[in-house]
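Undergrad: After the sequence you'll find the predicted model.
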Amino acid sequence: MGVIREEGGKMHMQQNQWDEAYNELNEAFRNFQQAGNNNKAKACLKYVALSSMLGKTEINPFDAREAKVFERDTDVVAIINLRRHLQENDLNRFEKVLNDPRNGILEEPVLMTYIQPLRRRMREQVLINLTRPYDKVSISFLSEQLHITEVDVENMLLDMILAHEISAQIDQINGCVLLDSSTSMAG
């Protein structure tokens, strides 16, 4: 049953159905753990955490009693740290964990598939927090803070505006973003 649930969870991840992926992968994790297959259980736990981060859920899979068994494994610690840095909006530490070759994140194919969406999720969250107190922010400042090009910042802002995640206008002539603080959609 664990294999079926794991594959179903991966399928939901491919379709960006994060809640469904979380539920399926969590069940796969439990099934593998009950069967005594700790390697598969550990892999599923990492996928559960990844789907929860991408799904913007507050549920921390590492709080579960079943997950405590793996909390000292190097590669699980890396995912725990990614989640913590995401919650703390600490982009620099987040990137350090992602780029550390010792934690094995960049060697695992399923995790690698979702590294860029996870980075984008992190940057979007940091961007919302950076812009929250302002009416006007320069795109060059955001570029510097997010460690991406100004074009990438503009594209990210445009996507977020169209998705109603932020209420703003991009002023390309003056190189800034004008935020509508009275109707801010990001919370």
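TA: Nice, I can see it. Residues are numbered from 1 along each chain as shown.
Undergrad: quick one: the strands in the chain?
TA: 136-138, 168-171, 176-179 (DSSP state E).
Undergrad: and the second one, what's its mean pLDDT?
TA: Right, the one you point to is strand 168-171. Mean pLDDT, computed over strand 168-171, is 94.
Undergrad: before we move on, what about stretch 90-98?
TA: Averaging pLDDT along stretch 90-98 yields 94.
Undergrad: lowest-pLDDT helix or strand in the protein?
TA: The helix or strand of the chain with the lowest confidence, counting by mean pLDDT, DSSP states H and E, is helix 109-113 at a mean of 89.
Undergrad: Can you list the low-confidence ranges for the protein?
TA: Scanning the chain for pLDDT under 70 picks out the ranges 181-187.
Undergrad: residue boundaries of the helices in it?
TA: 2-14, 18-35, 38-54, 74-87, 91-99, 109-113, 115-131, 139-146, 150-162 (DSSP state H).
Undergrad: So what touches stretch 160-179?
TA: 124, 127-128, 131, 134-140, 142, 150, 154, 157-158, 180, 183-186 (Cβ atoms under 8 Å, 6 or more residues apart in numbering). All C-beta atoms are positioned from the backbone trio N, CA, C, and that covers glycine.
Undergrad: Now for Phe141, how many residues are close by?
TA: 17 (other Cβ atoms under 10 Å).
Undergrad: can you pull the contacts of the spatially most central residue of the chain?
TA: Centroid check for the chain by Cα atoms, centre = their mean gives Leu118 as the closest residue, at 3.7 Å. Contact analysis of Leu118 by Cβ under 8 Å, 6+ apart lists Leu50, Met53, Leu54, Leu82, Leu98.
Undergrad: Including neighbour count and distance to Glu24, could those go into a markdown table?
TA: Below are the contacts of Leu118 laid out as a markdown table (neighbours: other Cβ atoms under 10 Å; distance: Cβ to Cβ, whole Å):
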| residue | neighbour count | distance to Glu24 |
| --- | --- | --- |
| Leu50 | 27 | 13 |
| Met53 | 23 | 16 |
| Leu54 | 19 | 14 |
| Leu82 | 24 | 21 |
| Leu98 | 19 | 25 |
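Undergrad: Looking at those residues, which two lie furthest apart in space?
TA: Spatial extent of the contacts of Leu118 (Cβ to Cβ) is set by the pair Leu54 and Leu98 at 14.0 Å.
Undergrad: Distance check, Arg72 against Ala78.
TA: Arg72 sits at a distance of 12 Å from Ala78 (criterion: Cβ to Cβ, to the nearest Å).
Undergrad: more neighbours, these two?
TA: Ala78 (19 against 9).
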